[in-house]
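J.: Structure of the sequence below:
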Amino acid sequence: MEFVANLVLFFVLACSQMDPQGHYCNPRSSIPPGSPVSTNINNVLAAMIRASQVNNGFSALSAGIGANTVYGLANCRGDLNIRQYCLPCIQNAVQQIQRRCPGTSDAQIWYNKCIVRYSQENFFGTFDASREALHRNVANYRDPQSLFSALGPLFNNIIKRVVAPANNGMVKAQAALPGRVTLYGGALCTGDLRPVVCTLCLRAAVRRFYNFCKPRQGCRVFLSSCFARYEIYPFTASVDAGFKKIPGQAIEKLIRDEFGQAKQVNNTLTSGKSMMISSF
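T.: Model (predicted):
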């Protein structure tokens with residue numbers, strides 16, 4: 001019986017590791033199979049896997065010339081062991097982005113451990129706040145005022161530290177909440193961002209804590225070039241909670257209820273901007 005239980009646990013953890021936190025396929029970037037752009041996408045994805053092995057889990061490359069050029073980026077969390085967690089994540093992300101976004105020249109996929117993105121537009125050094133994956137805990141925190149009072153100082157400290165080169169674009173920190181509760185926070189910027197752009201991206205991510213996640217026990221926000229997260233339990237490299245995806249109809253209703261901007265949300269969903277809501 002113990003063997004069966006362990007086998008089931010291994011299967012659940014393995015599936016959660018393979019399942020992305022969100023992905024984006026730009027519907028206005030369709031390309032025919034076998035085109036020069038399609039070939040360059042394959043080339044840049046393969047090159048990113050190789051480059052990430054020797055560049056601490058980060059690569060920003062291009063393939064092709066002129067209008068057929070494709071720009072690609074892969075980025076791992078800076079606190080992870082490269083070979084144990086980073087490279088397997090990038091390899092899996094490359095496979096999944098090709099499977100989920102076939103015939104698309106602008107795509108992105110997010111995992112807890114890595115990000116992979118490619119486009120015909122040179123996005124290096126910029127961030128796009130319109131593409132995002134949002135996740136929130138299903139349970140509310142019992143003391144919202146204490147939670148929000150702690151979030152601001154915690155992430156001010158985290159953001160200042162993320163931009164320091166020695167931290168490899170990733171910082172984790174914690175703060176004390178009443179009742180011997182610990183608030184854990186973390187943030188990441190991709191390696192192509194200058195400190196000022198990294199700060200802007202993370203500020204945009206943190207704002208979503210207040211207008212989307214309040215007053216939940218945890219929240220994870222993935223933007224195009226940064227990631228911010230808080231939870232009241234520690235998160236590690238090897239164990240990360242899986243997510244239950246809410247159907248598409250519930251996504252629109254949740255955003256309308258929480259944001260009060262139904263028209264804007266409808267435009268977001270129909271204009272190709274990616275938004276996915278999940279619970280963990």
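
J.: Now do the SS call for residue 220.
T.: Following DSSP: H, G, I helix; E, B strand; the rest coil, the label given to residue 220 is strand.

J.: got a list of what it touches?
T.: Residue 220 makes contact with 21, 112, 134-136, 227-229, 280 under the criterion CB atoms under 8 Å, 6 or more residues apart in numbering. All C-beta spots, glycine's among them, are computed from the backbone N, C-alpha and C.

J.: now with 7 Å?
T.: Residue 220 is in contact with 21, 135, 229, counting by CB atoms under 7 Å, 6 or more residues apart in numbering.

J.: I'd like to know which of the residues you listed are part of strands.
T.: 135, 229 (DSSP state E).

J.: Let me have the contacts of residue 220 in a markdown table, extended by distance to residue 183, pLDDT and neighbour count.
T.: Supplementary listing: the contacts of residue 220 in a markdown table, determined by distance: CB to CB, whole Å; pLDDT from 0 to 100; neighbours: other CB atoms under 10 Å:
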| residue | distance to residue 183 | pLDDT | neighbour count |
| --- | --- | --- | --- |
| 21 | 21 | 89 | 21 |
| 135 | 17 | 90 | 26 |
| 229 | 11 | 94 | 21 |
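
J.: Now do the contacts for the closest residue to residue 119 other than its chain neighbours.
T.: The shortest distance from residue 119 to any non-neighbouring residue, by CB to CB, 6 or more residues apart in numbering, is to residue 106 (4.4 Å). Contacts for residue 106 were tallied using CB under 7 Å, 6+ apart; they are 26, 29, 119-120.

J.: Tell me the one of those nearest residue 154?
T.: residue 119 (32.8 Å; CB to CB).

J.: beta partners for that closest one?
T.: Beta bridges link residue 119 to residue 71, judged by DSSP bridges.

J.: hmm, back to that, looking at the contacts of residue 106, which is nearest residue 55?
T.: residue 119 (20.1 Å).

J.: Which residue ranges of the stretch 51-200 of the chain form helices?
T.: Counting by DSSP state H, counting those that start in this stretch, the segments of the stretch 51-200 of the chain that form helices are 87-100, 144-162, 195-212.

J.: Just send those back as JSON lines, with distance to residue 80, mean pLDDT and mean neighbour count too.
T.: What follows is those, written out as JSON lines (distance: least, CB to CB, whole Å; pLDDT from 0 to 100; neighbours: other CB atoms under 10 Å):
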{"stretch": "helix 87-100", "distance to residue 80": "8", "mean pLDDT": "96", "mean neighbour count": "19"}
{"stretch": "helix 144-162", "distance to residue 80": "15", "mean pLDDT": "95", "mean neighbour count": "17"}
{"stretch": "helix 195-212", "distance to residue 80": "19", "mean pLDDT": "95", "mean neighbour count": "19"}
